[in-house]
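Student: please work out how this folds:
(chains A, B and C)
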Amino acid sequence: MIASRDQRPETARPMIECNEIQKYYGDYHALRGIDLVIREGEFFSLLGPSGCGKTTLLRTIAGFEGISSGAVLIDGKHMENVPANSRPTNMVFQSYAIFPHLTVAQNVAFGLRRDPRGKSEKAALVEEALAMVGLRGYGGRAAHALSGGQRQRVALARALILKPKVLLLDEPLSALDRKMREQMQVELIKLQRQVGITFVLVTHDQEEALVMSDRIAVMFDGEIAQLDEPETLYARPKDRRVADFIGVMNFLPAQITREADGIVSVDVPGLGPVELPESQVSRANPDDSGPVLGFRPETMTLLTPGQSSQHARETDVVIDEVVYYGDMTYYDLRLEDTQHTVRISMRNVFGRDVQSVGTKARVAWSPGSLVLFR
Amino acid sequence: MAKPGMDREARQGLTLIAPPFLYALAILAAPVLTILSYSFLTDGYLEVIGEFTFGNYIQVWSDPIVRAVLLRSLAVSAAVTVVTVLLAFPVAYYLSFVVKPERKSMWLFLITIPFWTSYLIRVFLWKVILGYNGVINSSLTGLGIIDQPLTFILYNVNSMVLTLAHAYAPFAILPIFVALEKIDRSLLEAGRDLGENRLMTFWRVTLPLAMPGVVAAVLIVFIPTIGDYVTPELIGGGKIPMIANLIQVQMLALDNRPLGSALAVTAMLVVAVVSLIFLWLNRRFLRVKQ
Amino acid sequence: MSGRSNGLRSYALLYLLFLYAPILLLPLFAFNSGTIIAFPLQGFTTDWFTQMWGNPTLRRALSNSLIIAVSASVMATCLGVFAARASTRFTFPGKGGIMGFIMLPMVLPEIIVAMSLLVVLLGLGVELSILTVILGHTLICMPYGIAILSTAFSSLDRSLEEAAYDLGETKWGAFRLITLPLVMPGIISSLLISFTISLDEFIIAFFLAGTEPTLPTYIFSQLRFPKQIPSIMALGTVLVALSILLLGIGEYFRRRGIARMGGKNGGGFL
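Tutor: Below you'll find the predicted structure:
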């Protein structure tokens, strides 16, 4: 299993710096002032829905796309006049872009063509790179006969053999089936630790980004909405779009009653009065529908009859819907005396029965897991 | 500064397209424009006089012989088009709906092969097949079925139509086949599911959806046939000329380039007008269906 | 269902017979010892092939036709590569109009192309030769080449070239090492198709060759003389066999190209 996340010190050297990047396609404003520092040895993800500009940003770092204004620096060097084939970056493409008319070994050795080293030395490098991605002995195979997962590995070996300073991955797992994807996620993390190269991953899959990354930049409409570590991003989304995009979040209308000394007091129908420190207060959604309170499904616990929580707040609910997932059960709960429904998730651990629809019950929750969007 | 990406891509694209485009401009557009300007000039003896005139067009459009040849060209082309498309439709239908997918490309290959073999020899062989002492007549007289050779297939418009229908067969089959292949099969099942019989489904679903292919087939057969030169020469024995033969005679034999040019431009206009009418009909037809 | 498809099948087979009738008759008469092209057949002979081979004008026509076909197919394919790459890879102003114009010779009556080119060449005082035929043939072969090459180029994953560039190759290196080998089957198909079209083309050759014979114009001139017809049948047999051979090779390369790209086979030429 994966050990706890390797925390890169904040002081690590910047590897990629994006300064005020603007990019237009004709009249279309694709990147709107991207400011970003990716540190050396970091596993960094660009996350967002399709069309948010994440792939464009990756391609400007790679050098495939020019920028309208701003600057890209890699390892402290200005990249303005450096074309893609001279940048210290290599890319793993969404389609893998394995050359179908070459063998696996010829694919992996492709970037070494201009390398002055001898034939046998290069062959050893290729074998080493293939071993690193678990394809030892596959060198002689025809590339077009490989499976999706194998192509992915060849693409990785082909890029890593050049020892780039940055490896760019454009939705590398989206073409794989679920099982294969989960396996490759783990392998990619291990591989990144092993080679110590900065990885920049583009993905629209929030789960993938959370699992793999040291830090994540969430993008909407050509802008970075939030850049944080996965835990912060999940627990303290700074923006309602981010909260909506990552995981599931319940929203309840809230009324602000008092603001003083860094504490915001709100009144929430069904939950009652809550006091929240500034750290739990975020920007509202752009459509400005008034303040809302958000919380994740797993932060509320359904109490069994007679059970009582020690430190948490409790609320009466009616079970509206039960969705059974095997390891988990999702409950849609109507907060008593309101029309508001929230969804919570409970792990089906030993001794906890699945409760039935229509039952009156109590839930326990803590103000510390709430976020206010205003 | 705003659109450097667009400009670069457009520049690269234009650079790449320049050689073939310039070639087509020099070898196609320039000559056609020359003909167009010639058609408004006056013919002198063995030379063209630079005097603007509509005379050539007036002469072309009022000459009963030209009119007859033009009408004949149109009639032959129309007949060829109708015969070719009608004969081709069931084959395209068979290919699309009955033939197994893995055998389709073999059928298409078989259908296109004759098209690539010597056009001249194919046309001549039809003359051999249909002629006075041809395969059909000599076989039939030899077998004692007829005493006198059949003449309705002899060196006339009928034999020209048959020959041309043969020559342009794959041109008609392919576009119809492509249109039929694009039809979502579940639409046909839906039609039948709603209680329509096969004929109704064909009439109300398949045929309208195949229409773009049929129109493409009509155009792709009609346009080259109207300019065909070889078949009237060989099959018609030069006695029933079409517009192409007339252009050649004016241009070379009579050396009246302005008149020949006016004829050529007229032929192009006729082709263009007929094509536009068909495209317009197709668009209207599609709009009504939607 | 089966009755209906049987009817269609019989019709399709009859139609194929109609398509192949002239080609099937060709060898019959080429090997027939009778001098008149009619049934019943007389006896077997290969004299017509010998006679054909001994004819110096025909040899000259053959060599002219080969020079024209090779030059035109190479030129049309080279120009076609430019056009196909431009149309599948780039967007530029006026793209639809320019491509439509370049593809125009596919639907324009050949007599118009031949006549207008002839008028201009005579007006410029250019002497008619096989060179002028090559110019015309390149023009009419180009759209067919573009159609085939565009299929080859468009089935190419754009990121393949980017990947090669990303791995340190130059733009030209990426094109030469990756794109060119992958579209090579398309290039070969285009060469073969253009060669076949040029070899068979009559009208442009008839008007633009001056006094030089090509195979089709030679055949046309000989069809008037009944004595020559059996050896023309022999020549036709050779030409048809050659065309089928070339098309077979072209089809083989086209399919291999598709297989190599991991795609599915959808159709035939055109």
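
Student: distance between stretch C:172-190 and the chain's centre?
Tutor: Relative to its parent chain, stretch C:172-190 has a centroid offset of 21 Å by C-alpha atoms, centre = their mean, to the nearest Å.

Student: then stretch C:245-255?
Tutor: Relative to its chain's centre, stretch C:245-255 lies at 12 Å (C-alpha atoms, centre = their mean).

Student: are that stretch and chain A in contact anywhere?
Tutor: No: Stretch C:245-255 stays clear of chain A (C-beta under 8 Å from any C-beta of the partner chain), getting no nearer than 13.7 Å. Every C-beta, even on glycine, is put in place using the N, C-alpha and C of the backbone.

Student: only alpha carbons, please: show that stretch as CSV.
Tutor: Provided in CSV are the C-alpha atoms of stretch C:245-255 (Å, rounded to 0.1, in the frame of the first residue of the first chain):
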residue,chain,number,x,y,z
LEU,C,245,-2.7,-6.1,-61.3
LEU,C,246,-1.9,-2.5,-60.3
LEU,C,247,-5.3,-2.0,-58.6
GLY,C,248,-4.8,-5.3,-56.7
ILE,C,249,-1.4,-4.0,-55.5
GLY,C,250,-3.0,-0.6,-54.6
GLU,C,251,-5.8,-2.3,-52.7
TYR,C,252,-3.3,-4.5,-50.8
PHE,C,253,-1.3,-1.4,-49.7
ARG,C,254,-4.4,0.5,-48.7
ARG,C,255,-5.6,-2.4,-46.5
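
Student: got the buried residues for it?
Tutor: C:246, C:247, C:250, C:251, C:253, C:254, C:255 (16 or more other C-beta atoms under 10 Å in any protein chain shown).

Student: quick one: which of the residues you listed sit in strands?
Tutor: Using DSSP state E to define strands, no part of the buried residues of stretch C:245-255 is located there.

Student: any chance of CSV for the residues you listed, columns distance to chain B and pLDDT?
Tutor: Listed next are the buried residues of stretch C:245-255 as CSV, based on distance: C-beta to the nearest C-beta, whole Å; pLDDT from 0 to 100:
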residue, distance to chain B, pLDDT
C:246, 8, 81
C:247, 6, 79
C:250, 9, 76
C:251, 6, 76
C:253, 13, 76
C:254, 10, 71
C:255, 8, 73
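
Student: where do the domain boundaries of chain A fall?
Tutor: Using automatic domain parsing, the domain ranges for chain A come out as A:1-88+A:164-180+A:190-239, A:100-162, A:241-294, A:298-365.

Student: what's the offset of the first one from the middle of its chain?
Tutor: Think domain A:1-88+A:164-180+A:190-239. Distance, centroid of domain A:1-88+A:164-180+A:190-239 to centroid of chain: 10 Å (C-alpha atoms, centre = their mean).

Student: quick check, that domain touching chain C?
Tutor: Yes: on the criterion C-beta under 8 Å from any C-beta, domain A:1-88+A:164-180+A:190-239 is in touch with chain C at A:62, A:64, A:84, A:85, A:86.

Student: touching, the first one and residue A:88? I think so.
Tutor: No: with contact defined as C-beta atoms under 8 Å, residue A:62 and residue A:88 do not form a contacting pair (10.8 Å).

Student: hang on, the earlier thing: just put the residues of domain A:1-88+A:164-180+A:190-239 next to chain C in a markdown table and tack on pLDDT and secondary structure.
Tutor: Putting these into a markdown table (pLDDT from 0 to 100; DSSP: H, G, I helix; E, B strand; the rest coil) gives the following:
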| residue | pLDDT | secondary structure |
| --- | --- | --- |
| A:62 | 94 | helix |
| A:64 | 91 | coil |
| A:84 | 91 | helix |
| A:85 | 91 | helix |
| A:86 | 91 | helix |
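
Student: which of these lies closest to residue A:179?
Tutor: residue A:62 (29.7 Å; C-beta to C-beta).

Student: that older thread, compare residue A:62 and residue A:88 (neighbour count), which wins?
Tutor: Taking neighbours as other C-beta atoms under 10 Å in any protein chain shown, residue A:62 and residue A:88 compare with residue A:62 leading, 22 against 15.

Student: ok now do the more buried one, which residues does it touch?
Tutor: A:84, A:87, A:89, A:91, A:168, C:166 (C-beta atoms under 8 Å, 6 or more residues apart in numbering or on different chains).

Student: number of residues surrounding the last one?
Tutor: Looking back up the chat, that one is residue C:166. Using other C-beta under 10 Å, residue C:166 has 28 other residues around it.

Student: can you tell me the SS state at the nearest residue to it once chain neighbours are set aside?
Tutor: Spatial nearest neighbour of residue C:166, excluding adjacent residues (C-beta to C-beta, 6 or more residues apart in numbering or on different chains): residue A:91 at 4.9 Å. Under DSSP: H, G, I helix; E, B strand; the rest coil, residue A:91 falls in the strand class.
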